[in-house]
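Student: just the structure for this:
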Amino acid sequence: KSMLLTQSTTPIIGWIATLLGYVMEFIFYCLNFIGIQNIGLCIIIFTIIVRLLMLPLTIKQQKFAKISQVMQPEINKIQRKYRNKTDQASMMKQNEEIQKVYEKYGTNPTGGCLQLVIQFPILLALWKVIQNIPAYVGGVKDMYMPLVNEIMATGGYQKIMEKIGSASPIMINPEKFDYTKTNTIVDVLYKFQPSTWDTLKDKFPDLSSLIDSTSGQISHINNFLGANISDAPVNLMMDALKTGAILVAIVALLIPILSGLTQWINIKLMPQSPGMDDRENPMANSMKTMNMIMPLFSVFMCFTMPAGLGLYWIFSAICRSVQQVAINKYLDRMDMDELVKKNMEKAKKKYEKK
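Tutor: All right, here's what the predicted structure looks like:
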């Protein structure tokens, strides 16, 4: 059997997810203390806090991008100089001249990559926590436990739950996940949609009352402006149109649209390197294509994945955009010569240590 979905066991990502899980759990208990039980609000606050914690890394990355804007014309000039020279000696000479440009500005080609490398596992861990809230928030898992205990006390429960869990929309394969484990049953129930709860009642008629109370409690904490954030917007819209719930349909439609829009705004706010027309730099075309595809990809993903993940995507992009505006203003006021000077001093200290 493979590991449970419950908590990520991937090295580094799993460790970070555990730490972020404590943050999410703290937020849930604080809101619960003042009488608010809402996973959507938890996700929003959680995303803002994590983005604020990552702000120093973002600033470092943007400083490198700012210096790159100044360096790029010089690098482009060198690349044009050696454009049609493919022999090894010319290539080495080109690399040497480009390296001197980096040294001149006190940086190196991997200057912006380190921050991205550090941020990447944090973002993956953040995604893991939001993807499986009960694994990291004990208060949410506890809501499932009375029902889980009763299901597991019922004869033949394993085959029934395996059949429900292996079908869409759950897709938790019994060959990979152990249905004799409490955590697996919690994982299955967490992925339930309204129709799946009805299926569960058909299979466990003696537990109908407990199933109704549990699904009602879960529906309450997952309710965000009338929409169930554990369900995909495409399903929410279809159900809302059938029942005439216009507000739910609007919220379900807005989540993917706002996701794409906020991604697009965030891309527009990112600093662009000057002097990089399509003829001089073929990668510019690829970047433009990617910048167009990413918001559209975000819209598609948020239509088909749980709305809670869409909320994370939206508020993550909003946080990045607000931070980007503030960082842009901060860097615009910063003297470039002073920034380069500080960079060269840091580079010198690192060189002396080596």
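Student: quick one: mean pLDDT over stretch 205-215.
Tutor: The predicted model gives stretch 205-215 an average pLDDT of 95.
Student: alpha carbons of it, as PDB, please.
Tutor: These are the backbone C-alpha positions of stretch 205-215, laid out as PDB (Å, rounded to 0.1, in the frame of the first residue of the first chain):
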ATOM      1  CA  PRO A 205     -29.400   3.600   5.700                       C
ATOM      2  CA  ASP A 206     -29.000   3.100   9.500                       C
ATOM      3  CA  LEU A 207     -26.600   6.100   9.600                       C
ATOM      4  CA  SER A 208     -28.800   8.500   7.600                       C
ATOM      5  CA  SER A 209     -29.300  10.900  10.500                       C
ATOM      6  CA  LEU A 210     -25.600  11.000  11.300                       C
ATOM      7  CA  ILE A 211     -24.700  11.400   7.600                       C
ATOM      8  CA  ASP A 212     -27.200  14.300   7.300                       C
ATOM      9  CA  SER A 213     -25.800  16.100  10.400                       C
ATOM     10  CA  THR A 214     -22.100  15.500   9.300                       C
ATOM     11  CA  SER A 215     -22.800  16.700   5.700                       C
END
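Student: can you mark which positions in that stretch are buried?
Tutor: Residues 207, 210-211, 214-215 are the ones in stretch 205-215 that count as buried (16 or more other Cβ atoms under 10 Å). C-betas here are computed from N, CA, C, even on glycine.
Student: for those, give me CSV that also has secondary structure and distance to Phe28.
Tutor: Putting the buried residues of stretch 205-215 into CSV (DSSP: H, G, I helix; E, B strand; the rest coil; distance: Cβ to Cβ, whole Å) gives the following:
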residue, secondary structure, distance to Phe28
Leu207, helix, 26
Leu210, helix, 23
Ile211, helix, 23
Thr214, helix, 18
Ser215, helix, 19
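Student: possible to save the residues you listed as JSON lines with distance to Arg83?
Tutor: Compiled in JSON lines, these are given as follows (distance: Cβ to Cβ, whole Å):
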{"residue": "Leu207", "distance to Arg83": "73"}
{"residue": "Leu210", "distance to Arg83": "72"}
{"residue": "Ile211", "distance to Arg83": "69"}
{"residue": "Thr214", "distance to Arg83": "67"}
{"residue": "Ser215", "distance to Arg83": "65"}
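Student: okay, now Phe64: neighbour count?
Tutor: 20 (other Cβ atoms under 10 Å).
Student: how near is it to Arg83?
Tutor: With distances taken as Cβ to Cβ, to the nearest Å, Phe64 is found 26 Å from Arg83.
Student: and Tyr179, that's in a strand?
Tutor: No: under the criterion used here (DSSP: H, G, I helix; E, B strand; the rest coil), Tyr179 is coil, not part of a strand.
Student: kindly tell me how buried it is, as a neighbour count.
Tutor: Using other Cβ under 10 Å, Tyr179 has 20 other residues around it.
Student: residue contacts, it?
Tutor: The contact partners of Tyr179, taken as Cβ atoms under 8 Å, 6 or more residues apart in numbering, are 158, 161-162, 165, 185, 188.
Student: one more pass at 10 Å, please.
Tutor: Contact criterion Cβ atoms under 10 Å, 6 or more residues apart in numbering gives 1, 152, 157-162, 164-166, 172, 185, 188 as the residues in contact with Tyr179.
Student: looking at the residues you listed, which are in helices?
Tutor: 152, 157-162, 164-166, 185, 188 (DSSP state H).
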